[in-house]
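Chemist: Sequence first, then the predicted structure, then my questions.
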Amino acid sequence: MKNNSYSNPIGITQQFRFCGNPLRVDMYKDCGFQCNYCFAKTMVSLRQQDINCADIEQVKGMFEKAFESNEPTNNIKIELLRRRTPLHCGGLSDPFQPYEFTKHLTLELIKLSNKYQVPITFSTKQCYLPQEYWDILDPKIHAFQVSLIGYDNEWIKKYEPNTPSPQERLAFLKQLHEKGFWCAMRV
């Protein structure tokens with residue numbers, strides 16, 4: 001697998017006019033969970049199995065422009081950041097896929113979110129976070145939606161070959177809730 005960076009890690013969703021999460025951020029353009037039904041797999045980069053990472057310096061630059069400059073802009077993404085429109089992280093890839101725990105791009109995004117108090121909803125199928133993530137996640141600005149397509153692990157593995165079991169995801173959801181995070185289950 002190659003490691004390529006891609007531009008436009010922060011973007012407006014195609015459903016901007018009617019979406020509750022119109023501003024998306026994806027630190028990866030592919031996903032190690034490799035769900036068979038994933039719409040993002042139709043992208044050329046995913047068919048080639050390249051690892052495409054967000055350019056973290058570009059993301060930092062957007063946050064800096066939004067919050068450390070009073071300069072007028074006609075960039076809607078900067079304006080939405082300035083208004084602290086919640087980011088939706090996990091539209092093209094799982095922000096906490098196993099690859100994250102070596103690259104730490106989502107971890108860097110969380111640090112930016114904390115610094116500038118920008119809320120983020122993370123969409124994930126993960127069931128585990130290393131302690132360094134728990135140490136900086138903030139229930140006041142971070143929320144989670146955990147996806148689940150069923151409860152039978154054997155059936156799920158046909159469609160989501162590399163994901164944690166439903167039982168593990170439900171336990172993770174409970175753990176998030178106990179730590180004070182707003183949580184949703186995406187079924």
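Modeler: All right, it came through fine.

Chemist: ok but Phe122 is inside a strand, no?
Modeler: Yes: Phe122 sits within a strand when classified using DSSP: H, G, I helix; E, B strand; the rest coil.

Chemist: That one and Asp152: what is the separation?
Modeler: 25 Å (C-beta to C-beta, to the nearest Å). C-beta coordinates here come from the backbone N, C-alpha and C atoms, glycine included.

Chemist: Okay, buried residues for stretch 131-138 please.
Modeler: The neighbour-count check on stretch 131-138 (16 or more other C-beta atoms under 10 Å) flags 133, 137 as buried.

Chemist: what's around Ser147, how many residues?
Modeler: Residues lying near Ser147 (other C-beta atoms under 10 Å) number 19.

Chemist: I'd assumed Gln126 was in contact with it.
Modeler: No: using C-beta atoms under 8 Å, Ser147 is not in contact with Gln126; the gap is 9.9 Å.

Chemist: what's the overlap in contacts for these two?
Modeler: Each of Arg169 lies in contact with both Ser147 and Gln126 under the rule C-beta atoms under 8 Å, 6 or more residues apart in numbering.

Chemist: before we move on, the earlier item: comparing Phe122 and Asp152, which residue is more hemmed in?
Modeler: For Phe122 and Asp152, the more surrounded residue by other C-beta under 10 Å is Phe122, and the numbers stand at 25 against 11.

Chemist: Just list the residues touching that one, thanks.
Modeler: Counting by C-beta under 8 Å, 6+ apart, Phe122 makes contact with 89-90, 95-96, 106, 142-145.
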